[in-house]
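S.K.: Pasting the sequence and the predicted model now:
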Amino acid sequence: MSNKNRLDRRDFIKYLSLGALFSTIPLSSKVSTTPHVVVVGAGFAGSTCAKYLKLWGGNSINVTIIEPNSVYVSPILSNLVLNNQRTTNQLSFTYDKHINSYQINMVYKSVLNIDTVNKELILSDNSRVKYDKVILAPGIDFIKTNNYDFTKVPHAWIAGEQTNILKRQIDSMVDGDDFVMTIPKSPYRCPPGPYERACIVADYLKNIKGFTNSRVILLDENSDIIVEKQNFQNVFNAHGVDYRPNCKVTHVDDTNKTLTYTEGSITGKTITAKVLNVIPNQKAAKIIFDTGLTGGGNFAPINLLSYESTIKNDIHIIGDSHHSSQPKAGHIGNSEAKICADAVLRILSNNPLYQNPKTNSACYSPTSSTEASWLNAVYKYDAVNNNMVLVDSSYYPKSSPSSTYNYKEMFKWSENLFADTFS
């Protein structure tokens, strides 16, 4: 790898991924009472947004996070739990800094519904929380083919106990057992993630556990590898991953660990394995549908200058549940959160929205216990189509194949992102 590429990457992480995105930030509200902004969900998008609302808004704004869990387990790096390079405890974060450093009110409950007329959130204990603005960052929900048991056939696409279930199942394998994994139709959370996981598991079984007779079979509903194609294909070849495109899961038998699927035009195919890792197709979280924010689709349409719903006023949607051309991932959620925080403060202060926002998506994908690849893209706002487009399609996305250098840099990138979100 050239020194130029290394400098580009360091500059990218330093200047684009984690720094403030705008030159002017409104710091005071012109309304007579202190506005209350409620953030629902506290992953990479929600936690970042709440933090920057207080960093930039100070005492001119009250911020509450409503989140059912007091600990967040990062999906970023969670595949490294499967090969013993990390534990879920090492990827767990609390909200102590949000409470103590930024004076954000934490409410550990779920939101049942939103009364948009009275501007109230109805919580799981039937209590109500009033808002002036609500920012929804609830993540994703799954579209299951049938009502099978996630504890028997884990998705491990929401990190934590699901990750540990999958790890225990992999560790129970003996030589000759097969691992079958599925990839949902795009869009889904973390586009490189399933390919990354297949590489990690194949390397672990072959090079760490020393298996010679086990197979890693990857059934992809998409017509081809959708991201970093050459890199992942090279690693698949090296690790012996059996990659099969155009495979759509139609039924999951969690008792016999059997999948029924179509492959192209061939229907009714079946495959049985010791470990099934089915990642279902995905849609916006339930609260998005319950509030009528999807407009008939699987994800919520928004104004990408502010992330405000185009269906209902004063509701903003960041992260995985909204519809845009940006990938659904933790890093991009962190970036979107800052645009949304800036926009909300501008709206509350009767200032015009920033007209030229940019977001960036960076991702390191571990492909073994010692190597990782790298990919990044920068997006800018397209006012004509209310969309985010690549800044320079001839230059972005940039990528780098799997290497030990990228593996080391991956931890610097992730620590910076973790700190920017949770510290």
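M.R.: Sure, I can see it. Residues are numbered from 1 along each chain as shown.
S.K.: tell me which residues form a beta bridge with Lys133?
M.R.: With DSSP bridges applied, Lys133 shows beta-bridge pairing to Val37.
S.K.: Where do the strands of the stretch 1-150 of the chain begin and end?
M.R.: 36-40, 62-66, 72-73, 92-93, 105-107, 111-115, 120-123, 128-130, 133-136, 140-143 (DSSP state E, counting those that start in this stretch).
S.K.: what are the pairing partners of the fifth one, and which direction each?
M.R.: Each strand that strand 105-107 pairs with, and the sense of that pairing, follows from DSSP bridges: strand 62-66 (parallel).
S.K.: try the fourth one
M.R.: Within its sheet, strand 92-93 is paired with strand 72-73 (antiparallel), according to DSSP bridges.
S.K.: what's the partner strand in contact with?
M.R.: When contacts are defined by Cβ atoms under 8 Å, 6 or more residues apart in numbering, strand 72-73 is touched by residues 42-43, 47, 88, 91-95, 159-160, 163, 422. All C-beta atoms are positioned from the backbone trio N, CA, C, and that covers glycine.
S.K.: now, of the strands of the stretch 1-150 of the chain, which is deepest in the fold?
M.R.: strand 133-136 (a mean of 28; mean count of other Cβ atoms under 10 Å).
S.K.: And that one, what does it pack against?
M.R.: Using 3 or more Cβ pairs under 8 Å, 6 or more residues apart in numbering; DSSP states H and E, the elements in contact with strand 133-136 are strand 36-40, helix 44-57, strand 315-317, helix 330-348.
S.K.: ok, now with 10 Å
M.R.: Judged by 3 or more Cβ pairs under 10 Å, 6 or more residues apart in numbering; DSSP states H and E, the packing partners of strand 133-136 are strand 36-40, helix 44-57, strand 62-66, strand 111-115, strand 308-309, strand 315-317, helix 330-348.
S.K.: just how off-centre is it within its chain?
M.R.: 18 Å (Cα atoms, centre = their mean, to the nearest Å).
S.K.: cool, stretch 224-241 as well?
M.R.: The answer for stretch 224-241 is 21 Å, by Cα atoms, centre = their mean.
S.K.: show me the residues around Asn256 that make contact.
M.R.: Thr270, Thr272, Leu276 (Cβ atoms under 10 Å, 6 or more residues apart in numbering).
S.K.: pLDDT score for it?
M.R.: Here the pLDDT value assigned to Asn256 is 98.
S.K.: I'd like the distance between the spatially most central residue of the chain and Arg189.
M.R.: By Cα atoms, centre = their mean, the chain has its centre lying nearest to Ala329, at 3.1 Å. Between Ala329 and Arg189 the distance is 7 Å, computed by Cβ to Cβ, to the nearest Å.
S.K.: can you check Gln230 too?
M.R.: From Gln230 across to Arg189, the span is 23 Å (Cβ to Cβ).
S.K.: These two - which one has more neighbours?
M.R.: Between Gln230 and Arg189, counted using other Cβ atoms under 10 Å, Arg189 has the larger neighbour count: 21 against 11.
S.K.: Now do Asp392, the pLDDT please.
M.R.: pLDDT at Asp392 comes out at 87.
S.K.: try Lys4
M.R.: Looking at Lys4, its pLDDT reads 36.
S.K.: Between which two of the contacts of strand 72-73 is the distance greatest?
M.R.: For the contacts of strand 72-73, the farthest-apart pair by Cβ to Cβ is Tyr95 and Thr163; their separation is 20.4 Å.
S.K.: residues touching the residue nearest to Asn207 when sequence neighbours are not counted, list them.
M.R.: With sequence-adjacent residues excluded and distances taken as Cβ to Cβ, 6 or more residues apart in numbering, Asn207 is closest to Ser368, at 7.2 Å. By Cβ under 10 Å, 6+ apart, the residues touching Ser368 are 83, 85, 199-200, 202-204, 206-208, 235, 238-239, 402, 404, 407.
S.K.: follow-up on the earlier one: of all the helices and strands packed on strand 133-136, which one is nearest Val180?
M.R.: The nearest among the helices and strands packed on strand 133-136, by Cβ to Cβ, is helix 330-348 at 26.4 Å.
S.K.: If I take that closest one and strand 62-66, what angle do their directions form?
M.R.: Here helix 330-348 points in a direction 140 degrees away from that of strand 62-66 (axes from the mean of the first three to the mean of the last three Cα atoms, to 10 degrees).
S.K.: Averaged pLDDT, helix 330-348. What do you get?
M.R.: Helix 330-348 carries an average pLDDT of 98.
S.K.: roughly how far out does it sit from the chain middle?
M.R.: Using Cα atoms, centre = their mean, the offset of helix 330-348 from its chain centre is 16 Å.
S.K.: angle of it against helix 44-57?
M.R.: Here the directions of helix 330-348 and helix 44-57 differ by 40 degrees (the same axes, to 10 degrees).
S.K.: Which helix or strand lies directly C-terminal to helix 330-348?
M.R.: Using DSSP states H and E, the helix or strand that directly follows helix 330-348 along the chain is strand 358-366.
S.K.: and that following strand, what's its mean pLDDT?
M.R.: If you average the pLDDT over strand 358-366, you get 96.
S.K.: what do you get for stretch 369-384?
M.R.: Here the average pLDDT along stretch 369-384 is 96.
S.K.: now the chain, which segments are flagged as low pLDDT?
M.R.: By pLDDT under 70, the weakly predicted segments of the chain are 1-32.
S.K.: And the protein, split by domain according to the record?
M.R.: The chain breaks down into these domains under automatic domain parsing: 24-139+285-360, 158-282.
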